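[1] Generate a structure from the sequence data that follows.
(2 chains)
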Amino acid sequence: MKTLNILLVGVGGQGTILASKILAEVAMMQGLDVKMSEIHGMAQRGGSVVTQVRMGEKIYGPVIDEGEADFIVAFEKLEALRWIHYLRPGGVVVVNNQQIDPMTVITGQFVYPPEILDTLLERADDVNILDALQLAREAGSAKTVNVVLLGALARKMEIPKEDWHEAIRRTVAPAFLALNMAAFSAGLKEA
Amino acid sequence: MKQLLTGNEAIARGAYEYGVAVATAYPGTPSTEILENVSKYKEIKAQWSPNEKVAMEVAAGSSLAGARTLVAMKHVGVNVAADPLFTMSYAGVNGGLVLVSADDPGMHSSQNEQDNRYYAPFSKIPMLEPSDSQEAKDFVGLAEQLSEDFDVPVLLRITTRISHSKTIVELGLPMERLVKPYTKDMRKNVMIPAHARQKRILLEERQRRLKEYSEITPLNRIEWQDKKIGVITSGISYQYVKEALPGASVLKLGFTWPLPSKLIQDFAREVQTLYVIEENEPYLEDHIKALGLEVQGKALFPIMGELSTAIIRRALNLTPYRAPLSPATVPTRPPVLCPGCPHRAVFYVLKQLRLIVTGDIGCYTLGALSPLDSMDTCICMGASLPMAQGFEKAHPELAEKTVAVIGDSTFAHSGLTGLMDIVYNQGTATVLILDNSTTAMTGHQEHPGTGKSLSGETTPQIDIAALCRAIGVSRTFVVDPFEMDGLKDLLKREVATREPSVIVARRPCALIVKQTTEALAVDATKCVGCKMCGRIGCPAISFVDKKSHINSSLCIGCGLCVGLCKFGAIAKEVRS
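    Model prediction:
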């Protein structure tokens, strides 16, 4: 199989790291080579964050270059726009229709772009927009936005649903399993 | 069994599998998780030290006493630990001693971009550079063995993309953890000049043997392919080279000091065009050029920032798979102090008082960013106090306008000597110790002021205020930073006082104290849109249709904004 590059982008604190753990687990279950890279520390404090997951027969570099992402999963829509040039032609965008103002917007230095979704639709062929926060709340907790988005991604990937379920089982604490399964199904249906 | 591990987790696993008995560190991105993961193996005595020099010295002691030891730190930490390191190179080891230096190319979370490979030739110790997590684990074992075989500390040099990338690792069983007996040996371990001069000769002899070893070690290997292009590389750069130039011959160097001159010459002879591809400084390149070889390196590849497959492709005019789209224009999203952060109140007051702030390293360095904008300097761990003293020496009149700001963990790291300097040299500086009871920026590690050890045990808690008084600062006060009026009055008084003073602003990090209050909300009928509440730089507060809006999923109800609103528009959310 050809190498798949997946970018998970969002705002520090949104739970991109758990999502990437589940994703990596699923990839391991397919018997693929996997590499995953993320940045910790200073950048995490409410800043723009990115986790990179690569899977395939043999993976060398752990980072995805511009124009090379097969999937971009954006936890916040401004972050989708920030990383959109990483998408390859024909690549898929899954975007949470949520707005979190960066400090530069709060202080009036910049304006939050009003037509992000239109721009995304112009720049990519396959854009999947969902209100993941609302779906997460309906599933039982606003904190499951990450797993809702994974559900939406799963619909676009050729990996058996059972493997996703197993990966979630292996990754989340048993007490939160039912909640996360509900969130995953909600995302899977919606995309 | 195979597992997906970060480089840091793999190094911890290596410590477990290869007989490490003692491990020490001070937290610092990207190295922090090494010790956090080592502490999960109960067989290893793992500890946070107050700073990297102490961590290195504890490691030196346990190594000379006979235990296999590992000490980990970020790149700038090695500067702090350099003093014991350089002379431990003379003394050598008893149990193996491995120093892990985690460098941060691109400065994701650091104040500079230093290439610590130079520490190996400078301190005359061998260096290993892994290219993924499997090698990171394996190289711990090799480094411990080399350390014991050659009687020398070994540098295991990694970078952010090794530390924080997960790759597949084959786990092994742990070997027996044997601590060797200790025997007194003054000629070896007491570095008085007479002994050191003897050791100095042995150092060169050891260097010669290490160089011979570097020629034959399997860590330095040639992957022959098409000989039109040959690339010499090491560390993470190897991965980018393999991806960008799948058909090229590669000399992969895993043992990068002393360098294998003969192997490099043999490789160079066989290939038509020779490149050296390395992140940051021309460390390998200078050595290769000193051998008289023709090689292209920094003339093509950048000296700063992280390397990538795309950068190599661009530099060599290789056809990329696809031409990338141009980036969209988007507002930047810099890191910010969290909602409820106790530092926010302090910086708001500092900005109001228009004070000169000599800053330090931690979350509170974010007080430098808009809209708080309240920092004048930030250089290294502990520099805030002595720099305030320096400001006063240069401009005595500035003493009444200058405050040093330092966190509790940073104060324990290297604040004490600076405070002694102020007292001893009759400075009058005002020092603000922001005590949030944790090492927050690196992900909440314990330190001597928290009363907890790395493994979570209760330990004696250093009383920071009592310590400051003991050093001679009788004007030491402890306040709650959220009492902003009181803090403001105290600061005004203390900067004007012709004596040194310490204000400990104590409130725990908002991320370690469970949220007990409900989110706040803005009453739109009362809000006049004055944006006063926006001046504290809280990410939960934004402005929608010219009125203040509080994001209930971010707000933790700290209440700092409530007191700022002159119209009483902010209150607990009324739930129907």
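[2] Longest strand in chain B, please.
    Criterion DSSP state E: the longest strand present in chain B is strand B:226-234.
[3] start to end distance for stretch B:241-259?
    Stretch B:241-259 has an end-to-end distance of 20 Å (criterion: Cα to Cα, to the nearest Å).
[4] Say whether chain A is contacted by it.
    Yes. Using Cβ under 8 Å from any Cβ of the partner chain, stretch B:241-259 comes into contact with chain A via B:Lys242, B:Glu243. Backbone N, C-alpha and C define where each C-beta goes, glycine included.
[5] my read is A:Val95 is in a strand, agree?
    Yes. Assigned with DSSP: H, G, I helix; E, B strand; the rest coil, A:Val95 falls within a strand.
[6] Not counting the longest strand of chain B itself, show me its contacts.
    Identification of contacts with strand B:226-234 by Cβ atoms under 8 Å, 6 or more residues apart in numbering or on different chains yields B:129, B:131, B:241, B:245, B:247-254, B:256, B:264, B:267-268, B:270-278, B:284, B:288, B:295.
[7] Pull out the buried residues from stretch B:421-439.
    By 16 or more other Cβ atoms under 10 Å in any protein chain shown, the buried positions in stretch B:421-439 come out as B:422-423, B:427-439.
[8] what do you get for stretch B:140-149?
    In stretch B:140-149, counting by 16+ other Cβ under 10 Å, buried: B:Val140, B:Gly141, B:Leu142, B:Ala143, B:Glu144, B:Leu146, B:Ser147, B:Glu148.
[9] Grab the nearest non-local neighbour of residue 166.
    Going with chain A. A:Met29 (6.7 Å; Cβ to Cβ, 6 or more residues apart in numbering or on different chains).
[10] look at chain B instead
    That would be A:Met36: by Cβ to Cβ, 6+ apart, it lies 4.3 Å from B:Lys166.
[11] In this structure that neighbour contacts B:Arg161, no?
    No. Between A:Met36 and B:Arg161 there is no contact under Cβ atoms under 8 Å: 11.0 Å.
[12] residues shared between the contacts of the two?
    Shared contacts of A:Met36 and B:Arg161 (Cβ under 8 Å, 6+ apart): A:Pro62.
[13] The residue nearest the centre of chain A: which element?
    The centroid of chain A falls nearest to A:Val73 when counting by Cα atoms, centre = their mean (3.1 Å). Per DSSP states H and E, A:Val73 falls inside strand A:69-74.
[14] does the residue in the stretch 351-500 of chain B positioned nearest to chain A count as helix, strand or coil?
    Scanning the stretch 351-500 of chain B for proximity to chain A using Cβ to the nearest Cβ identifies B:Pro371 as nearest, at 4.8 Å. Following three-state DSSP, B:Pro371 is assigned to coil.
[15] same thing with B:Leu156?
    Assigned state for B:Leu156: strand (three-state reduction, three-state DSSP).
[16] Could you check how many residues crowd around the nearest residue to B:Asp480 once chain neighbours are set aside?
    Using Cβ to Cβ, 6+ apart and skipping residues adjacent in sequence, the residue nearest B:Asp480 is B:Arg507, 5.7 Å away. Around B:Arg507 there are 22 other residues, counting by other Cβ atoms under 10 Å in any protein chain shown.
[17] In contact with B:Arg507, which residues?
    Listed by Cβ under 8 Å, 6+ apart, the contact set of B:Arg507 reads B:Pro342, B:Asp435, B:Asn436, B:Asp480, B:Pro481, B:Phe482.
[18] Any idea how far the strand holding A:Val73 is from the middle of the chain?
    Counting by Cα atoms, centre = their mean, to the nearest Å, strand A:69-74 is centred 7 Å from the centre of its parent chain.
[19] Just name whatever secondary elements that strand is in contact with.
    Using 3 or more Cβ pairs under 8 Å, 6 or more residues apart in numbering or on different chains; DSSP states H and E as the contact criterion, the elements in contact with strand A:69-74 are strand A:4-11, helix A:77-83, strand A:87-96, helix A:145-156.
[20] Show me what the third one is packed against.
    Looking back up the chat, that one is strand A:87-96. By 3+ Cβ pairs under 8 Å, 6+ apart, strand A:87-96 packs against strand A:69-74, helix A:77-83, helix A:116-123, strand A:126-130, helix A:145-156.
[21] in the strand or helix carrying B:Gly563, what counts as buried?
    In the assignment (DSSP H and E), B:Gly563 maps to helix B:560-564. Under the neighbour-count criterion of 16+ other Cβ under 10 Å, helix B:560-564 has B:Leu560, B:Cys561 buried.
[22] what about it and chain A, any contact?
    No. Using Cβ under 8 Å from any Cβ, we find that helix B:560-564 stays clear of chain A, coming within 12.3 Å at best.
[23] Output that helix as PDB - backbone C-alpha positions only.
    Output in PDB follows, covering the C-alpha atoms of helix B:560-564 (Å, rounded to 0.1, in the frame of the first residue of the first chain):
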ATOM      1  CA  LEU B 560     -10.000  37.800  37.700                       C
ATOM      2  CA  CYS B 561     -12.100  39.500  35.000                       C
ATOM      3  CA  VAL B 562     -15.000  40.200  37.400                       C
ATOM      4  CA  GLY B 563     -13.100  42.800  39.300                       C
ATOM      5  CA  LEU B 564     -12.000  44.600  36.200                       C
END
